[in-house]
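Enquirer: Have a look at this fold, sequence not included:
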């Protein structure tokens, strides 16, 4: 979601009549938006897109020279430009629309494991010099020369090339999508009383150049649509949501996807009228394929990010090469899924993103590395150096994290449980990253009795420890699903888009907080 934290965020607001607000936002931003449209898709080595802002190799060289003026082992500059448009529909009308523009550059100096950082929205030579001087304060020593030239990186991927850029899509083409979702949701069930729809499209570009002579640009589209249904039955109200996101163009919102969003949101809302609290106590928990990956991401994935291990914060700090799960458990993190929300061509340090196997046959094989942690451990970066914006220094972050398919079947897993719960959707989780202790709120689920799904449940918390839960995973199905939702990961005050997924998984025992009465 757009926010007001950055001093470079400039919003064009449209309130009241939907078309008026939306077109106003579009027209105000026509200049910077069309600047994005002028560059071809994919990732390029060298300066292409950012040349229109006056960025040259000479400017980058002088900036890196200033950054290394007090020594330092390494320096880089990160340029970023983003144009995002947001539309909100409520009470049958798009009554709010705004645009969000972000343009600036960050300069980083690395000395050992320490980082100096400066950023600015002033892309003049003097603005970059002052940002570089701020970053250089971390180091004390003789100056180092900036690179005399920059090298191209061959074989760069293009994982989210689009046929139609968002800059070329007028509001008149977007608003019918929102109205269609609203009409379908309102007509899906007579109990639906209110519908909210939000829609975001974003065009982004980044340029990374460093003191080793690397330089790379990447154009990064993104879009998200979310639906919330509020229903009423016998004086009682229930609410639920569903969203979908991708690095894609307007064709992402196919009739099938729109119908699925409405169908899932309405279904998950209406089942809450029948749902009751689950019994409390320790019991087997079956995690549904897809969005249950949030538990894997939060309670386990963060502990495998290398900075937590380098600082001996994570419980996995001494677990490389050791068994952390059953032999049929395999976990990967990758940036290679085409058009996925968590996909990246290169990370924010310019490293080409690939696939990293974290757990192989139950053994922890590696961590997720940025440049600093990779140097500390004497390994290659894994393409996980990510940042929220030019105002932030990169750190190890997940991209798309999921468990690979296992040897079991979904029906076999459910049939194996005499009494337990089946969790289909989670919200409002809390995790202590170092130890992996977590609490997750189960929004939708079912009781399992004698190997069958029986009544729906709600108001359920599951409480446990991520590494312990990983050890207790004793069945993994072959039905891996990558969730299509607009997941955003928070860490150290930075937010980045991610994807996640899971096959159906059974955990032998997790404490469940539900009703203490008899079910």
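Expert: Sure, I can see it. Nothing here was measured: the structure is a model prediction, and the numbers come from that model.
Enquirer: For residue 450, grab the count of nearby residues.
Expert: As a burial measure, residue 450 scores 9 neighbours (other Cβ atoms under 10 Å). To be clear about C-beta, it is placed using only N, CA and C from the backbone, and glycine gets the same treatment.
Enquirer: cool, and residue 301?
Expert: 26.
Enquirer: Give me the secondary structure label for it.
Expert: Applying DSSP: H, G, I helix; E, B strand; the rest coil to residue 301 yields a three-state assignment of helix.
Enquirer: So it is in contact with residue 333, correct?
Expert: Yes. Counting by Cβ atoms under 8 Å, residue 333 is a contact partner of residue 301 at 7.1 Å.
Enquirer: shared neighbours of these two, which are they?
Expert: 358, 398, 401 (Cβ atoms under 8 Å, 6 or more residues apart in numbering).
Enquirer: Quick check: the closest residue in space to residue 418 that isn't next to it in sequence vs residue 419, distance?
Expert: Residue nearest to residue 418 in three dimensions, not counting chain neighbours: residue 450, with 6.1 Å by Cβ to Cβ, 6 or more residues apart in numbering. Look at residue 450 and residue 419: by Cβ to Cβ, to the nearest Å, they are 8 Å apart.
Enquirer: do residue 337 as well
Expert: Going from residue 337 to residue 419 by Cβ to Cβ gives 37 Å.
Enquirer: the more surrounded of those two?
Expert: The neighbour comparison of residue 337 against residue 419 (other Cβ under 10 Å) goes to residue 337, with 20 against 14.
Enquirer: contacting residues for that one?
Expert: Residues in contact with residue 337 (Cβ under 8 Å, 6+ apart) are 159, 343, 400, 482, 499.
Enquirer: wouldn't the last one be in contact with residue 338 here?
Expert: No. With contact defined as Cβ under 8 Å, residue 499 does not reach residue 338; the gap is 11.4 Å.
Enquirer: Pick out whichever of these two has more residues nearby.
Expert: A count of neighbours by other Cβ under 10 Å puts residue 499 above the other of residue 499 and residue 338, at 29 against 13.
Enquirer: quick one: contacts for that one?
Expert: Applying Cβ under 8 Å, 6+ apart, the residues near residue 499 are 337, 340, 341, 342, 343, 399, 400, 401, 402, 482, 483, 487.
Enquirer: Return the distance of it relative to residue 239.
Expert: For residue 499, the distance to residue 239 - Cβ to Cβ - is 25 Å.
Enquirer: Now secondary structure, distance to residue 511 and pLDDT too, for the contacts of residue 499, in JSON lines please.
Expert: Shown next, in JSON lines, are the contacts of residue 499 (DSSP: H, G, I helix; E, B strand; the rest coil; distance: Cβ to Cβ, whole Å; pLDDT from 0 to 100):
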{"residue": "337", "secondary structure": "coil", "distance to residue 511": "34", "pLDDT": "97"}
{"residue": "340", "secondary structure": "coil", "distance to residue 511": "33", "pLDDT": "98"}
{"residue": "341", "secondary structure": "coil", "distance to residue 511": "31", "pLDDT": "98"}
{"residue": "342", "secondary structure": "coil", "distance to residue 511": "30", "pLDDT": "98"}
{"residue": "343", "secondary structure": "coil", "distance to residue 511": "36", "pLDDT": "98"}
{"residue": "399", "secondary structure": "coil", "distance to residue 511": "31", "pLDDT": "98"}
{"residue": "400", "secondary structure": "strand", "distance to residue 511": "29", "pLDDT": "98"}
{"residue": "401", "secondary structure": "strand", "distance to residue 511": "24", "pLDDT": "98"}
{"residue": "402", "secondary structure": "strand", "distance to residue 511": "25", "pLDDT": "98"}
{"residue": "482", "secondary structure": "strand", "distance to residue 511": "28", "pLDDT": "97"}
{"residue": "483", "secondary structure": "coil", "distance to residue 511": "25", "pLDDT": "96"}
{"residue": "487", "secondary structure": "coil", "distance to residue 511": "25", "pLDDT": "94"}
